[in-house]
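Student: build me a structure from this.
(3 chains)
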Amino acid sequence: MDKFSEDFSSRHIFLMVLLWTFFWCSLSFAAEQPVSDLTQDCIACHSSVTPAIVADWRRSAHSKITPTKALERPELERRISTNTLPEQLKNVVVGCAECHMVNSEAHADIMNHNDQKVHLTVTSKDCATCHSVEESQFQKNIMAFAHTNLSQNPVFGMLMKTINGTQELSKKGTTIKEPDEKTNSESCYSCHGTELKVTGKKTRSTDYGDLEFVELSGWPNDGVGRLNPDGSRGSCSACHTRHQFSIEMARKPYTCSQCHKGPDVPAYKIYSVSKHGVMFSSLNKEWDFKAVPWTVGKDFNAPTCAACHVSLLVNQERSVIAKRTHQMNDRLPWRTFGLIYAHAHPKSPDTSIIRNADGLPLPTTYSGVPASEYLISPQEQKTRKETLQSVCLACHTPDWVQGHWGRFENTLKTTDAMTLSATKILMKAWDQKLADKTNPFDEAIEKQWTEEWLFYGNSTRLSSAMLGADYGVFDRGRWFMGKTIQEMLDRLNFLAGSKRK
Amino acid sequence: MDKFSEDFSSRHIFLMVLLWTFFWCSLSFAAEQPVSDLTQDCIACHSSVTPAIVADWRRSAHSKITPTKALERPELERRISTNTLPEQLKNVVVGCAECHMVNSEAHADIMNHNDQKVHLTVTSKDCATCHSVEESQFQKNIMAFAHTNLSQNPVFGMLMKTINGTQELSKKGTTIKEPDEKTNSESCYSCHGTELKVTGKKTRSTDYGDLEFVELSGWPNDGVGRLNPDGSRGSCSACHTRHQFSIEMARKPYTCSQCHKGPDVPAYKIYSVSKHGVMFSSLNKEWDFKAVPWTVGKDFNAPTCAACHVSLLVNQERSVIAKRTHQMNDRLPWRTFGLIYAHAHPKSPDTSIIRNADGLPLPTTYSGVPASEYLISPQEQKTRKETLQSVCLACHTPDWVQGHWGRFENTLKTTDAMTLSATKILMKAWDQKLADKTNPFDEAIEKQWTEEWLFYGNSTRLSSAMLGADYGVFDRGRWFMGKTIQEMLDRLNFLAGSKRK
Amino acid sequence: MDKFSEDFSSRHIFLMVLLWTFFWCSLSFAAEQPVSDLTQDCIACHSSVTPAIVADWRRSAHSKITPTKALERPELERRISTNTLPEQLKNVVVGCAECHMVNSEAHADIMNHNDQKVHLTVTSKDCATCHSVEESQFQKNIMAFAHTNLSQNPVFGMLMKTINGTQELSKKGTTIKEPDEKTNSESCYSCHGTELKVTGKKTRSTDYGDLEFVELSGWPNDGVGRLNPDGSRGSCSACHTRHQFSIEMARKPYTCSQCHKGPDVPAYKIYSVSKHGVMFSSLNKEWDFKAVPWTVGKDFNAPTCAACHVSLLVNQERSVIAKRTHQMNDRLPWRTFGLIYAHAHPKSPDTSIIRNADGLPLPTTYSGVPASEYLISPQEQKTRKETLQSVCLACHTPDWVQGHWGRFENTLKTTDAMTLSATKILMKAWDQKLADKTNPFDEAIEKQWTEEWLFYGNSTRLSSAMLGADYGVFDRGRWFMGKTIQEMLDRLNFLAGSKRK
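Tutor: From the prediction side, this is the model:
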């Protein structure tokens, strides 16, 4: 190589490395986006006070695009849905102030914070400013009423009291104390959502001088059916974890496991051992969890919870397989979560209004008669079934799908039959005064009966629905449905023996 | 820089970027492989009808190499094993037609599909066309008989009926209905495999006109011991998930968790908390799950299920540490899965032929006497133990390995001793007519006894084998073996008390 | 393009590819580090004998930097802590010989190995050669006494015997045999650590001729409180898995799950469904688990076990949020692991010295009176609480943190109240001679009582501490605390009935 070439080459190589580096960097770091003055004020202090919150937000889509630009995307790719963007949100990214200072007139939890009106909580109604369609779907979701459906239902109220109230020994057995608010908040209401109520204000001295803060009962909480201080229902952060609001995270099944893993509703565990879950665990590092719309076979090879129940799915020609929904039961004909029996989904998300033939706020009677006028019609069930089946059919043939659903609906019947047998034993105990019907959850035999449907029935049905076989057999499945019946029979016998003497 | 250089540079940089890009792309996308005309016909419709199946297949090794080329690889790297490739498979990749139209004369599930004879299911025998060695090993695997070993064993038949049949209250207690085929298919047979039988044909109108489809009982299913419509046994797809057939997935432990996670056989859970499992979970993103052969210390740093039980392992000098086997118990001296006691592995994969000293099809009597003539010899146990220990010794010193195995074989004895105590209590109940021996699984005290060995004995033994300590203590381990004995004693006492009156 | 340019271009491109490749390779492979002659001798054979151990070590930081260079790093980035490096360690990387031949005068497990004095085990004291600060913190950690706290406490001794001893039927019920060493070693002592004692030597013929090896009882084991053959306590390898000693692995929660997942201490499971755990599972592939110090919001977005309890944390301005500690309870005011009740942490890591008001070596009496003189003071509790809260405050506001801790401390009280009710029932059984107090763990009603606090109390408290709601409700939480009380009442009743006759 001659001298010229050599010089040229080395200079050139240096330049290439630089340019190449620049090229890659320019892909990674998008141009700086406009941040509102108010948000810049927030960040000025909070990047020191709560550094991880600010760091989290910087990774979010919220910090990287203005709502106006987000609305300009092709419809299928769009991630916001309002048509009436408030003026102040149009040309800035969605930062602290854009969420914590919106709709402030409605917020009881407003505080004077460095001369600004800031509210502590961000509510479903606040999110609806940009995500109006999703929020209105969510309000039809039974989950939006998760708090109300517990707190306004006297039967479930007894269950909560039995679980959360401390028991003290009494002459006849035990008495249960009324549970305290702290316990309810961290147990049932942790997932169902608390009621956030402003109880006062207090001043705290900070590095930035004395500041005023609101005090809230039920705080902290991001339960899905939270009652908010602006009168709205629901915390979007239950699934869209603040402050990164990562769609990747919402689409991964771990998010659902927060509330759907225990013996009452072991959906996550069942998914994990299903073929779908095994594919996810083994292969997901190569999937694209951020693509909108979500393309079956290209972005992912097996469904997560979100794929079947929530997400906008398309095929590789961009035909829509399933529309996005935040009314999760949109694609569900049956409520497999037995209370006490499997049943068609309730019409209203507010299930506390249901009255069965015995006048109780339950979707069926103790012996299994459905409160049909409060439940969706067979026609509506058919529609919802077909919606979900259209997702199945992206990967499975019609014979596969029919075979699967045939088994599932058979299992609803057999688990209901087993539950009925357990219920009949309990009714004998009640009739023979071996147990007291007043609270159906507080005695040992009643607790066995509760587990029959709440643990073992639910597990068997969900196992059938999502193909996690052993959760329908030995892992809190049919084995335990049968065992509970036998143990209830023995206990009835022993109770009768004890009484006779 | 002079004008020439500058021009040259920018032109050149542009070219470099192009070429670099091309270079990388060429690494990623191998040259187009020859797809048979028949398979192209399949894809023409099915890329719309079942897009994710086609997308999955495109990612598979099957779509990327012809069997002829696959056979040309050095022996250790080879992933197929036949010497007699059918002519039509030699020079095309393995697509839809190559599997769904092979051996069609044997397939009862054949259908006339666009003027072609296509069979719905692909069986172990179909896979053997290219993977003959693996398939013949698998046929010696007890898993290949997983269906038969349940369906042809009257004792296990009673267990299945007790689990899957619904119970109705009767005067004396309960009666159990014969379980329906749908329930059996989605519970026990989900893992063990169903029997696929053609029950008829039907015509369905599709986007491509009216088409004929076969109807199969037991469908869908990919259980490991499935009885296929071509008379063969086994679904390779149980572990080699269709249609990507990813070796990465088969080697990751999630695959095994599909059937080996529940309380009867909690292998996956135990692995997860073992040092091996923790290393896998923490570090596997940097391992190579696709390399064949699989090099210990280079491709992976801790074994998965496959490494110890299946895979071809070599050291960094390419010396073979363990030969590939699809007869999983090739490396297993003991069957820790107690039925009722731990025992030497059965000689034949068909365990329904076993008769113990009491004439029952079980590997031991109720009191633990092994049916030795049906079980492998101590010499064969020694061979298998040494085969597995050669895997241990790749990372552990001989004293480590001896210490570990000494504990393991001691635990087989102590768990058997505990099971014997529980069995003696049950026998008392039977003798004193407090329980009915006819079905040993249907009464509460019998169910406790079953859990003693099926849940707690198995968990303790597997915990010992794979180093997941708490599964041998508090997590369904020894604590529960002891508790069950005490509760059985109390129950015997209470049953006697109830009877006396 | 003229001929010159064309030629030049292609030559140049080729060169570029080469140089680029070289550039990347040079980033990946650091310059060769000095390995001691002794270690080179070890590797010469052991890369064939135990290839995966050597491969593992090659990936470790130990193989890549000399202690002298490691000490030269800025203080916050430093990963070793001694000021008195032995001469022989200064200028070589830390290989086989540097650990297995250090402090050999103290090691009873020394063996003559190719004319060198080599010890089989590496102990906490050996690690302290470079990591002296960490080791001295660890010795104040209750975990360092995990073996002693079991073996020297007669109450826990009874619990161990009850779990690990086999039960045989006797006239009055059962007798429990003294458990054998193998069983203890693989069950309780698997996590707590065994006592390693040299029991002899033996010669084994190897590929390299006859070699002498020591024989150790209690081997293999890497339990956290292991008693070592050099008289020291603790195996660092429990968390810092040999021989890669990956900080990434120690910081991931899987490591902790080895011992903290079962029903007695389900910390890992609770973490997994908490918001923190869900963020980890969904997003950790983008986190940096190797950075020292560990920067909140930059290196990771949600804490793992290590972040809250061990690691050195800084904010993005490199201010220290929490100092590194290997005395894990440094940041813990309460011992939630109820024995029998929640209590302030013991002052001494040796809990076998505690005597409660009844003279028993337990931190409280059966009725809950704390052995206060052995427990840390309220002032010390306050200090530890504030240390942990400073971690919380990196992401959460003070009102969030106060609300959370208020609930947690309330739950300590309510779970203790439930435990007290269960204890009162057991005391009745003891008083009425329906159970025998001598061993409080061996009868069915005593086992129910044990589960009340050991399983359900612990689960509820940990669930409260780490926000895994259902582990405080249906997943071995409050539901089971209440159920156990009801079942104990029934059992008391049935036992009384059986006795009367």
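Student: what's the nearest residue in chain A when you look at chain B?
Tutor: A:Gly297 (2.9 Å; C-beta to the nearest C-beta). All C-beta atoms are positioned from the backbone trio N, CA, C, and that covers glycine.
Student: in contact with that residue, which residues?
Tutor: With contacts taken as C-beta atoms under 8 Å, 6 or more residues apart in numbering or on different chains, A:Gly297 has the following neighbours: A:315-316, A:394-395, B:51-56.
Student: if you look at those residues, which of them are in helices?
Tutor: Applying DSSP state H to those, the entries found in helices are B:51-56.
Student: quickly check these for the two that are furthest apart.
Tutor: Of all pairs drawn from the ones in helices among the contacts of A:Gly297, the widest gap by C-beta to C-beta lies between B:Pro51 and B:Asp56 and measures 9.6 Å.
Student: got the contact list for the closest residue to A:Glu181 other than its chain neighbours?
Tutor: Beyond its immediate neighbours in the sequence, the residue positioned closest to A:Glu181 (C-beta to C-beta, 6 or more residues apart in numbering or on different chains) is A:Ser217, lying 6.4 Å away. A:Ser217 is in contact with A:181, A:194-197, A:199, counting by C-beta under 8 Å, 6+ apart.
Student: before we move on, back to that, mind checking the backbone torsions on the residue of chain A closest to chain B?
Tutor: Backbone torsions of A:Gly297, given as degrees, to the nearest 10, read phi 90, psi -20.
Student: contact residues of the stretch 251-400 of chain A facing chain C?
Tutor: For the stretch 251-400 of chain A, the residues in contact with chain C under the definition C-beta under 8 Å from any C-beta of the partner chain are A:252, A:254-255, A:257-259, A:261-264, A:285.
Student: on that earlier part again, any idea how far the residue of chain A closest to chain B is from chain C?
Tutor: Counting by C-beta to the nearest C-beta, to the nearest Å, the gap between A:Gly297 and chain C amounts to 22 Å.
Student: biggest helix in chain A, by residue count?
Tutor: Assignment by DSSP H gives helix A:398-431 as the longest helix of chain A.
Student: that one near chain B at all?
Tutor: Yes - if you take C-beta under 8 Å from any C-beta as the test, helix A:398-431 does meet chain B, through A:398-400, A:403-404, A:406-407, A:410-411, A:414, A:417-418, A:421, A:424-425.
Student: can you say which of those are buried?
Tutor: When these are checked for burial by 16 or more other C-beta atoms under 10 Å in any protein chain shown, the buried set is A:399-400, A:403-404, A:407, A:410-411, A:414, A:417-418, A:421, A:425.
Student: ok, so of those, who is nearest B:Ser459?
Tutor: Sorting these by distance to B:Ser459 puts A:Met418 at the head of the list, at 25.8 Å, by C-beta to C-beta.
Student: report the secondary structure state of whichever residue of the stretch 101-250 of chain A sits closest to chain C.
Tutor: Across the stretch 101-250 of chain A, the shortest distance to chain C (C-beta to the nearest C-beta) belongs to A:Ser190, at 3.5 Å. At A:Ser190 the chain is in helix, as set by DSSP: H, G, I helix; E, B strand; the rest coil.
Student: got a list of what it touches?
Tutor: A:Ser190 makes contacts with A:221, A:223, C:467, C:469, C:472, as judged by C-beta under 8 Å, 6+ apart.
Student: give the burial count for A:Ser352, as a bare number.
Tutor: The burial metric for A:Ser352, expressed as a neighbour count using other C-beta atoms under 10 Å in any protein chain shown, is 17.
Student: please report how far it lies from A:Pro361.
Tutor: A:Ser352 sits 6 Å away from A:Pro361 when distances are taken as C-beta to C-beta, to the nearest Å.
Student: which neighbours do these two have in common?
Tutor: Any residue near both A:Ser352 and A:Pro361 by C-beta under 8 Å, 6+ apart counts here, and that gives A:Asn153.
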